[in-house]
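Sequence and computational prediction follow.
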Amino acid sequence: MIPDLNQLDPAKFEHLDFDMYGQAIKSDPSKYFLKWAQQPPRYIRQDGHVHAFATRHKDVKFGLMNQEFLSAVPVPGTGLDNIDYFNGLPIIVEVDQPQHTRLRRLMQPAFTPRRVAEAQAGLNALANQMMDQLEARGTDIDVMADIAIPFAVTVLLDHFLAVPQQDWPLFLHYSHSMGLVGTLKAGDPKPKEYLDAYNAMYAYCENLIERRKAEPKDDLVGSIIASDITTEELFATLMVLLTGGIGTISATIGLAALRFGRNPEQMELLRNEPALINSAIEEVLRIDCLGNFRHRWARQDFEFEGLQVWKGMAIALSLGAANYDPVLYPDPGKFDIRRAPTDVSSFGYGIHFCIGQAIARPSVRTATLALVQRFPALRLATPDFEPLWGGLPTERSPVNVNMKIK
Amino acid sequence: MLTVNFILADGSRRAVQIAPGRTVKEAAEDNLIRGILALCGGSCTCGTCHVYVGEQWAARFAPPSIDEDALLDGAAAERRDTSRLSCQLPLAEDMDGIMVTVPDQQQ
């Protein structure tokens, strides 16, 4: 039983004087992460609830890998009920073993390193084609609208999932509407726009299942549909596959462009030494982690590096802060594309390690390198350019990254 | 302590020490052996800690689970009879001197 607030040791609390899901941390998380990355687990208050809060690399990694003490299944009434992007469906990221194992096995064949390596030529061609179009167009671009989003959408929907192009707007609309859910107050009904988009996607998936049962195809969607899972699980799995990746890939391309725009000497270094691209994107993933936080829930009472955690308590894990841990990354606030950081936490760890990272990493590398190499004059629209910040509440994604290419 | 002999993709060799009970992936990680990524942290989830185990040692490990088997099928480098995910290879006391080859590609 989680004790009342006033029974807990006040010295074990950190008072957060800002909105964990607000603009301040999305705009400049480093000022929080540099401090958090050196602090042991402690309590925070979130929406009137007590959460444990882990921010050092080793604690975040433990929180994501351990399954004995921690569960990915949300406990209702812990102040996180509004973070429900899939309307309560049993999605893979919020189930434990053995259900998780079953769902993961269905998705795994699409995301093997070999399959992704085979797709690399297609990624290169797509990136070059997009740069050709931009080159013919003018000087001013918005990296999000002109490159990141169309690149992510085409890679996922066309190259990997083979969704007909006339159906793409449905997926894009749902993907965008997910952002509306996170801004709700606890107990608020979901907005009509979100529910309309959700219902349209649900209907689409039901229809897709019917069509594929009538006319089977030997591809990823076909193999999922052919397997023994419930319609709800199937729908949830498709939803995650079809929508979950778009925001992740596009945000990381945008974050990379913004980071290079603010560090032109590092951009020049990459242009001169393109073999640094893998190290460069690992460094972008480290310093500009898309996910500020993930949550887990305690299965039982346990002591977490000296902090008492009770069964049912939510534990907020800051992936972004873990990436600033000076134990692993000296001078963590410095963007250095030669750093070649390892053990970067941005895609999580353990059984829930992001299955789509196998696509996300090469996608971000390909789009970023094409942009940097094609346009030697690439720079931010203004030296002090600051994007609008969006993305899901627990994440950070630039809405626009305005740059000049000539 | 046991000695694990790594043969890297460029042909160079590194001999490292590790306590019994720990895994080949941990031996690589603790000694900054290049080419073993283990992006998921070592939970048989990503297929990026692929190694080739020396022939006389390969049979001493428990056979791959169905998840490891599927990941090895999709590994970036060629799958061979001795292919394993190094996170799934706990070292026993009688494995001193084991040879492990690192493939040229993990992703």
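Yes, it's here.

Run a quick neighbour tally on residue 56.
With no chain named, the answer covers chain A. 23 (other CB atoms under 10 Å in any protein chain shown). Every residue, glycine included, has its C-beta placed from N, CA and C.

Chain B is the one I meant
Residue B:56 has 10 nearby residues by other CB under 10 Å.

The helix or strand where it lies: which residues count as buried?
Residue B:56 is located in helix B:55-58, with elements delineated by DSSP states H and E. By 16 or more other CB atoms under 10 Å in any protein chain shown, the buried positions in helix B:55-58 come out as B:57, B:58.

hmm, who's touching stretch A:317-328?
A:29-30, A:32-34, A:36-38, A:53-61, A:63-64, A:285-287, A:289, A:291-296, A:329, A:332-333, A:341-346, A:348, A:396 (CB atoms under 8 Å, 6 or more residues apart in numbering or on different chains).

whoops, I mixed them up, stretch A:115-122
Here stretch A:115-122 has contacts from A:109, A:159, A:160, A:358, A:359, A:362, A:366, B:74, B:76, B:105, B:107, using CB under 8 Å, 6+ apart.

so the last one touches residue A:359, yeah?
Read that as residue B:107. No: counting by CB atoms under 8 Å, residue B:107 stays clear of residue A:359, with 10.7 Å between them.

quick one, which of those two is more surrounded?
residue A:359 (24 against 21).

Residue B:84: what's it in contact with?
B:24, B:50, B:51, B:52, B:53, B:58, B:61, B:64, B:68, B:72.

quick one on the thing from earlier: quick check: which helices or strands does the helix or strand just after the helix holding residue B:56 pack against?
Using DSSP H and E, the next helix or strand after helix B:55-58 towards the C-terminus is helix B:66-73. When contacts are defined as 3 or more CB pairs under 8 Å, 6 or more residues apart in numbering or on different chains; DSSP states H and E, helix B:66-73 packs onto helix A:99-107, strand B:83-85.

tell me the most buried of those?
Stretch with highest mean neighbour count among those: strand B:83-85 (a mean of 25; mean count of other CB atoms under 10 Å in any protein chain shown).

Name the strands paired with that one and say parallel or antiparallel.
strand B:50-53 (antiparallel) (DSSP bridges).

Any idea how far the partner strand is from the middle of the chain?
Mean C-alpha position of strand B:50-53 versus that of the full chain (CA atoms, centre = their mean, to the nearest Å) differs by 5 Å.

what number of residues lie near the residue of the stretch 1-150 of chain A found nearest chain B?
Nearest residue of the stretch 1-150 of chain A to chain B: residue A:112, at 2.2 Å (CB to the nearest CB). When neighbours are counted by other CB under 10 Å, residue A:112 registers 21.

That one is in contact with residue B:72, isn't it?
No: with contact defined as CB under 8 Å, residue A:112 does not count as touching residue B:72 (9.5 Å).

OK, contacts around the spatially most central residue of chain A?
In chain A, the centroid-proximal residue (CA atoms, centre = their mean) is residue A:248; its distance is 4.5 Å. Shown here is residue A:248, whose contacts under the criterion CB under 8 Å, 6+ apart are A:152, A:290, A:354, A:356, A:360.

could you say which helix or strand contains it?
With DSSP H and E as the criterion, residue A:248 is inside helix A:245-262.

Quick check: buried residues in that helix?
Those would be A:245-261, for helix A:245-262 by 16+ other CB under 10 Å.

mean confidence score for that helix?
In this model, helix A:245-262 has a mean pLDDT of 95.

Alpha carbons of it, in PDB - could you do that?
Taking C-alpha atoms only, helix A:245-262 is exported to PDB below (Å, rounded to 0.1, in the frame of the first residue of the first chain):
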ATOM      1  CA  GLY A 245       7.000   4.900 -36.200                       C
ATOM      2  CA  ILE A 246       6.000   8.000 -38.200                       C
ATOM      3  CA  GLY A 247       6.400  10.500 -35.300                       C
ATOM      4  CA  THR A 248       9.600   8.800 -34.000                       C
ATOM      5  CA  ILE A 249      11.500   8.800 -37.300                       C
ATOM      6  CA  SER A 250      10.400  12.300 -38.400                       C
ATOM      7  CA  ALA A 251      11.100  13.900 -35.000                       C
ATOM      8  CA  THR A 252      14.600  12.400 -35.000                       C
ATOM      9  CA  ILE A 253      15.400  13.700 -38.500                       C
ATOM     10  CA  GLY A 254      14.200  17.100 -37.400                       C
ATOM     11  CA  LEU A 255      16.100  17.000 -34.100                       C
ATOM     12  CA  ALA A 256      19.300  16.100 -36.100                       C
ATOM     13  CA  ALA A 257      18.800  19.000 -38.600                       C
ATOM     14  CA  LEU A 258      18.200  21.400 -35.700                       C
ATOM     15  CA  ARG A 259      21.300  20.200 -33.800                       C
ATOM     16  CA  PHE A 260      23.500  20.400 -36.900                       C
ATOM     17  CA  GLY A 261      22.100  23.900 -37.700                       C
ATOM     18  CA  ARG A 262      23.100  25.000 -34.200                       C
END
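
Buried residues, the next helix-or-strand element following that helix. List them.
As assigned by DSSP H and E, the chain's next helix or strand after helix A:245-262 is helix A:264-272. Buried residues in helix A:264-272, counted by 16+ other CB under 10 Å: A:266, A:267, A:269, A:270, A:271.

Can you give the distance of helix A:264-272 from its chain's centre?
The chain centre lies 26 Å from the centre of helix A:264-272; the measure is CA atoms, centre = their mean.

Same check on stretch A:5-15?
Going by CA atoms, centre = their mean, where stretch A:5-15 is centred and where its chain is centred differ by 31 Å.

Same question for stretch A:149-156.
15 Å.

Ok, stretch A:367-381 next?
24 Å.

go on, stretch A:99-108?
19 Å.

And the contacts of it?
A:72, A:90, A:92, A:95, A:220, A:223-224, A:227, A:229, A:233, A:237, A:241, A:351-352, A:355, B:45, B:66-67, B:70-71, B:74.

secondary structure element for whichever residue of the stretch 151-300 of chain A sits closest to chain B?
Nearest to chain B, among the residues of the stretch 151-300 of chain A, is residue A:278, at 9.0 Å (CB to the nearest CB). Here residue A:278 sits within helix A:277-287, counting by DSSP H and E.

how would you label residue A:403: helix, strand or coil?
Judged by DSSP: H, G, I helix; E, B strand; the rest coil, the three-state class of residue A:403 is strand.

where do the strands sit along chain B?
Assigned by DSSP state E, chain B shows strands spanning B:2-7, B:13-18, B:50-53, B:83-85, B:98-101.
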